[in-house]
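> Give me a model of this one.
(one chain, ligands or ions: 1)
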Amino acid sequence: MKELHTEAAYWCTFDTGITQWPQLTSSCSTKALVVGGGMSGLLTAYMLHERNIDFILVEAKEISEGSSLASTGLLQYCSDMMLHELRKHIGKQKADLFYVSCFNAVNQIGNIAKRIEAETGDVQLHTRSSLQLCSEPIDALKLEKEYEALSSLQLPCELWDQQRIARHFPFSKRSALITHQDAEINPHLFVIRLAQFLSKYNQAIFERSKMTGFDKLADGSYQVTINNEHRIHAEYIIHAVGYHYEQLQQPQLNFFINRSYVLVTDPIDDLSFWHERMLIWETARPYLYMRTTKDSRIVIGGLDERSSILNEKDALQKSKQLLLELNKLFPATETGIAYYWNAYFHEPKDGLPYVGSDQDDPKRIYLLGYGGNGMVYSMLGANLIAQIISGAMEQPELASILSVTRT
Ligand SMILES: Cc1cc2nc3c(=O)[nH]c(=O)nc-3n(C[C@H](O)[C@H](O)[C@H](O)COP(=O)(O)OP(=O)(O)OC[C@H]3O[C@@H](n4cnc5c(N)ncnc54)[C@H](O)[C@@H]3O)c2cc1C
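Coordinates of the predicted model:
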């Protein structure tokens, strides 16, 4: 299996407690087999647990070793495609539903975090506001339209002018859109805590247990092979395999393959120059995105390039470029590079994640949260999958918007 990122070591520097789960060493049976131990797989497992649906989760490598470890952990209800633009592409009703669902999903992740923190440990989740900066004067109109669109749905937001930005930050931009009730999280800790929480309830989670094949049986169920050796009999297979899309053989998936760069600075004594520690991004596409951390560092990501090869060699060079970008916004910041990495990042061409049943095989379900808000999409997908498997679809319109077979 291809590596999804160069060494993304920062999120593991906090005390995580137990991070090891057993390998599958015998054959067994379950209602739902969740394939993939990242944000999507673990949130799905959590939602199945909530509904008392029997499941087994298998991870080919180790829990939270994939893209979830490379993530920058911004939880935002606004997507890469602005609401007023999405309305033009898929229609007002669908776009509005998608945005409201994302807002609810951020809130839901917050509630789940509280629940699992009480029984496991900290996931470093903090509610934050986001600041989307106007990169070019011409984008000011876009931000105004977006402010009107979000406000029409009562989504919490404000539009700041140049003077107001200057009162709170050391940089000058023509305008900025503020969205409230977003959050930041340590993505690795969150995934690990979900697994620890589920283990407390004796749920079955296996590492180093790769799904290597499956057969469909006459009764419509599946005989899944793990590590070319053991078998799991399952009624449903949930493919939460992230960017390991090749194994799915799904030609209708339509996305760009990018690589993105991330830099984590050394700790900074005084971060008071960073108003309310907002999550910062911009109208430019691709955009820079940045946040602060529990141990007073800055995480900044971006410089995305279309490529299907990771750029190990130039990752340090790109992190220096990210530091320069940071210094353009915060010139007085004196800090160095502590961690950096380069990671795959898939961008769906229509801006929407893929969630739902296989066209020809409805009990094989995909959760591919591609896009900049991948973790929020993992939550949307986990909800839909729990509904599909429990036989009580509560969000049919959302399911149709995110369907793998949408045209
Ligand atoms: C640099 C970067 C920054 C990002 N920043 C943000 C952000 O700020 N906010 C946000 O919302 N999103 C962000 N994202 C996106 C987000 O991180 C991803 O969408 C999310 O982590 C994907 O989770 P996942 O579980 O789908 O995939 P993964 O975490 O990659 O998990 C998939 C797992 O499936 C396993 N697997 C694959 N095939 C098999 C098999 N056959 N058998 C068993 N296991 C298998 C893999 O080993 C892997 O561990 C970012 C992504 C990147 C790369």
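> Export the host helix or strand of Asp182 to PDB, keeping only CA atoms.
Element membership for Asp182, per DSSP states H and E: strand 175-184. In PDB, the C-alpha atoms belonging to strand 175-184 read as follows (Å, rounded to 0.1, in the frame of the first residue of the first chain):
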ATOM      1  CA  SER A 175     -12.300  42.200   3.900                       C
ATOM      2  CA  ALA A 176     -12.800  38.800   5.700                       C
ATOM      3  CA  LEU A 177     -15.700  36.400   6.300                       C
ATOM      4  CA  ILE A 178     -15.900  35.300   9.900                       C
ATOM      5  CA  THR A 179     -17.700  32.000  10.600                       C
ATOM      6  CA  HIS A 180     -18.500  31.100  14.200                       C
ATOM      7  CA  GLN A 181     -18.800  27.700  16.000                       C
ATOM      8  CA  ASP A 182     -16.000  26.000  14.000                       C
ATOM      9  CA  ALA A 183     -13.400  24.100  16.000                       C
ATOM     10  CA  GLU A 184      -9.900  22.800  16.100                       C
END
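> Identify each of the helices in the stretch 51-200 of the chain and give its residue range.
Counting by DSSP state H, counting those that start in this stretch, the stretch 51-200 of the chain has helices at residues 67-70, 83-90, 92-119, 140-152, 162-168, 187-200.
> so what secondary structure elements neighbour the fifth one?
This means helix 162-168. If you count contacts as 3 or more C-beta pairs under 8 Å, 6 or more residues apart in numbering; DSSP states H and E, helix 162-168 packs onto strand 175-184. Yep, even glycine has a C-beta here, placed from its N, CA and C like the rest.
> Buried ones in the strand it packs on, by neighbour count?
175-179, 181-184 (16 or more other C-beta atoms under 10 Å).
> show me the contacts for the residue in the stretch 51-200 of the chain positioned nearest to the ligand.
At 2.5 Å from the ligand, Gly66 is the closest residue in the stretch 51-200 of the chain, using C-beta to the nearest ligand atom. Listed by C-beta atoms under 8 Å, 6 or more residues apart in numbering, the contact partners of Gly66 are 4, 36-38, 242-244.
> Apart from its chain neighbours, what residue comes closest to it?
Leaving aside its chain neighbours, Gly66 sits nearest to Gly38 (4.5 Å; criterion: C-beta to C-beta, 6 or more residues apart in numbering).
> Now the stretch 251-400 of the chain against the ligand: closest residue?
Gly374 (1.8 Å).
> was I right about that residue contacting Tyr354?
No. Judged on C-beta atoms under 8 Å, Gly374 makes no contact with Tyr354 at a distance of 11.4 Å.
> okay, those two: which has more neighbours?
Set Gly374 next to Tyr354 and count neighbours by other C-beta atoms under 10 Å: Tyr354 wins out with 27 against 22.
> beta partners for that one?
Under DSSP bridges, the beta-bridge partners of Tyr354 are Leu368.
> any idea how far it is from Val241?
Computed as C-beta to C-beta, to the nearest Å, the Tyr354 to Val241 distance reads 12 Å.
> Common neighbours of those two, please.
With contacts taken as C-beta under 8 Å, 6+ apart, Tyr354 and Val241 have Leu368 as neighbours in common.
> follow-up on the earlier one: now render the buried residues of strand 175-184 as TSV, adding pLDDT and distance to Glu397.
Shown next, in TSV, are the buried residues of strand 175-184 (pLDDT from 0 to 100; distance: C-beta to C-beta, whole Å):
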residue	pLDDT	distance to Glu397
Ser175	97	33
Ala176	97	32
Leu177	98	26
Ile178	98	29
Thr179	98	23
Gln181	98	23
Asp182	98	24
Ala183	98	26
Glu184	98	30
